[in-house]
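Q: Got a sequence here, can you build the structure:
(one chain, ligands or ions: 1)
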Amino acid sequence: MNLRLSGIGMTSARTRGRLIERLRAEGIADETVLAAMNEIPRHIFIDEALATRAYDDVSLPIGHGQTISQPYIVARMTEVLRNGKQLNRVLEIGTGCGYQAAVLSKVAKEVYSVERIQPLYERARKTLRELKINNVNLRYADGSAGLPDAAPFDGIIMACAAPAPALSAVLREQLVVGGRMVLPMGTQEQYLYLIERDESGFRESRLEAVKFVPLVMGKA
Ligand code: SAH
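A: Numbers count the residues shown, from 1 in each chain. Next up is the predicted model:
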């Protein structure tokens, strides 16, 4: 039996259930998103030494100066992206440990996720395989130009902050009409933005203040 997967003590399904209740109290209302987060064992994505904190609503280090996003932010971005609808094809920029991609795999038919740091890409691939998640397509690449060969997408999520709007202008072209993109933007002050594409063009709205690692160009 795989002890890590079965989950003991602080990493049990009951602990995860408490996190879901907290997300609900914080305003996450999309039951599909809450069910997806209830299903994905977050402790599997982080170092065993930090596993007891896996179901606290905090971001945690995953090595290489990067972090696994706070559960509330993962839930919020997924909820905004979904907008109450089933997603077909989704792109994530910044796989990190693969947690957000795993959550997306439960609410979208097909997920593409791009990571620029090779060891993180490799570990995410191993973790997703261990969890038997087969509809996530991971790429080791610089995601700042999106993923033209798999475009268009119903949804695009950025897990790292875009320094300037010019970048989102390139990425939003890879949305279908009716598609949505959720991204953090800014350097000192960061906000989450929603970009919606319709027949007449793009509409942008600013959501809440956030704190993400910056997007970095090129592979590492
Ligand atoms: N999605 C993760 C969060 C990862 S943190 C989660 O579920 O918790 C953001 C990630 O974006 C880091 O791993 C970082 O290496 C990656 N990143 C930064 N710039 C990038 C770029 N240009 N292309 C692809 N990935 C990038």
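Q: so which helix or strand takes in the residue nearest to the spatial centre of the chain?
A: Nearest residue to the geometric centre of the chain (C-alpha atoms, centre = their mean): residue 100, 3.2 Å. Using DSSP states H and E, residue 100 sits in helix 99-105.
Q: and that helix, how far out from the chain's middle?
A: Centroid separation for helix 99-105 versus its chain: 6 Å, with C-alpha atoms, centre = their mean, to the nearest Å.
Q: what packs against it?
A: Applying 3 or more C-beta pairs under 8 Å, 6 or more residues apart in numbering; DSSP states H and E, one finds that helix 99-105 contacts helix 31-39, helix 71-82, strand 87-93, strand 108-115, helix 118-130, strand 136-140. No exception for glycine: its C-beta is placed from N, CA and C like everyone else's.
Q: That one near the ligand at all?
A: Yes: taking C-beta under 6 Å from any ligand atom as the criterion, helix 99-105 and the ligand are in contact, through 99-100.
Q: Identify each buried residue in that helix, please.
A: By neighbour count on 16 or more other C-beta atoms under 10 Å, the buried set for helix 99-105 is 99-105.
Q: Same question for stretch 210-220.
A: Buried, per 16+ other C-beta under 10 Å, within stretch 210-220: 210, 212-213, 215.
Q: Among those, which one lies nearest to the ligand?
A: residue 215 (4.2 Å; C-beta to the nearest ligand atom).
Q: Next, the contact list for the residue lying closest to the closest one once chain neighbours are set aside, please.
A: Once flanking residues are discounted, residue 215 sits nearest to residue 160: 4.3 Å by C-beta to C-beta, 6 or more residues apart in numbering. By C-beta atoms under 8 Å, 6 or more residues apart in numbering, the residues touching residue 160 are 93-94, 184, 212-216.
Q: before we move on, back to that, show me what contacts the residue nearest to the centre of the chain?
A: Listed by C-beta under 8 Å, 6+ apart, the contact set of residue 100 reads 69, 74, 77-78, 92, 113, 157, 159.
Q: give me the low-pLDDT residue ranges for this structure?
A: The chain contains residues with pLDDT under 70 at 1-11.
Q: Give me every residue in it lying close to the ligand.
A: When proximity is defined by C-beta under 6 Å from any ligand atom, the chain lies next to the ligand at 66-69, 93-97, 99-100, 114-117, 120, 142-144, 159-160, 213, 215-217.
Q: Look up how far residue 100 lies from the residue nearest to residue 215.
A: Counting by C-beta to C-beta, to the nearest Å, the separation of residue 160 from residue 100 is 11 Å.
Q: Brilliant, that's me finished.
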